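[1] next come a sequence and a model predicted from it.
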Amino acid sequence: MSDLTGLEFAENLTYLRFGGTAVTDLTPISGLQNLEYLRFNNTGVTDLSPLAGYTSLTYFNANTVTGITDISPLAGNTGIKEIILREVPFGNEGMATIANFTNMYRINMRSTGVTDITVLGELMAQGALLDTTDGADEAGGADLDLRGLSIEDWSPIEPYLDQISNLEGYSEE
């Protein structure tokens with residue numbers, strides 16, 4: 001599959017997965033406002049702007065979609081619980097978008113260029129990314145993958161370490 005044309009008519013679609021395909025353009029699905037689950041890992045997508053109107057996503061996976069550098073079009077999805085952005089080079093600039101996901105219990109931001117995790121600590125102070133976050137108990141607890149990051153200061157998340165079941169990439173040094 002290389003084109004999503006035709007899906008624009010699937011107005012009630014809530015689940016869409018097309019990872020590992022040759023799709024590069026999300027424009028055909030820009031109007032699918034009911035999507036809750038969107039996974040397009042390992043594709044050639046570079047622009048998330050067609051998703052700017054979305055507000056209902058709870059799961060988003062763009063794992064290894066390395067052409068994406070701006071995740072700000074996802075900001076309206078305040079109900080995101082799981083976000084997988086491994087190897088998506090959004091850097092510290094993308095953390096302003098991550099700050100909107102106050103219901104999140106899972107994040108994979110491995111090898112994204114982030115060096116400042118202050119936003120994660122702020123989210124934890126609000127109850128996100130912890131074992132007690134709604135949905136985390138069913139998923140086996142909070143899950144953070146921070147491997148491949150050059151974190152300058154771990155102190156923002158250190159008060160919460162005992163409330164995170166799955167934390168990869170944390171270094172006490």
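    That came through fine. Numbering: from 1, shown residues only.

[2] in whichever helix in the chain runs longest, what's buried?
    When every helix of the chain is counted residue by residue (DSSP state H), the longest turns out to be helix 118-125. Within helix 118-125, the residues that qualify as buried are 119-124, counting by 16 or more other C-beta atoms under 10 Å. All C-beta atoms are positioned from the backbone trio N, CA, C, and that covers glycine.

[3] before we move on, what about stretch 110-117?
    Applying a neighbour-count criterion of 16+ other C-beta under 10 Å, the buried positions in stretch 110-117 are 110-114, 117.

[4] repeat that for stretch 92-106.
    Of the residues in stretch 92-106, those buried under the neighbour-count criterion (16+ other C-beta under 10 Å) are 94-95, 97-101, 103-106.

[5] count residues in the vicinity of E158, would you?
    By the criterion of other C-beta atoms under 10 Å, E158 has 12 neighbours.

[6] pLDDT score assigned to it?
    E158 is assigned a pLDDT of 97 by the prediction.

[7] from P28, how far off is it?
    Applying C-beta to C-beta, to the nearest Å, the value for E158 to P28 is 44 Å.

[8] against which helices or strands is the helix or strand following the longest helix of the chain packed?
    Note on helix 118-125: by DSSP states H and E, the next helix or strand toward the C-terminus is strand 143-145. Using 3 or more C-beta pairs under 8 Å, 6 or more residues apart in numbering; DSSP states H and E as the contact criterion, the secondary-structure elements in contact with strand 143-145 are strand 106-108, strand 166-168.

[9] quickly compare those strands and say which is most buried.
    With neighbours taken as mean count of other C-beta atoms under 10 Å, the helices and strands packed on strand 143-145 reach their highest mean count in strand 106-108, at a mean of 23.

[10] which neighbouring elements make contact with that strand?
    Using 3+ C-beta pairs under 8 Å, 6+ apart as the contact test, the elements touching strand 106-108 are strand 82-84, strand 143-145.
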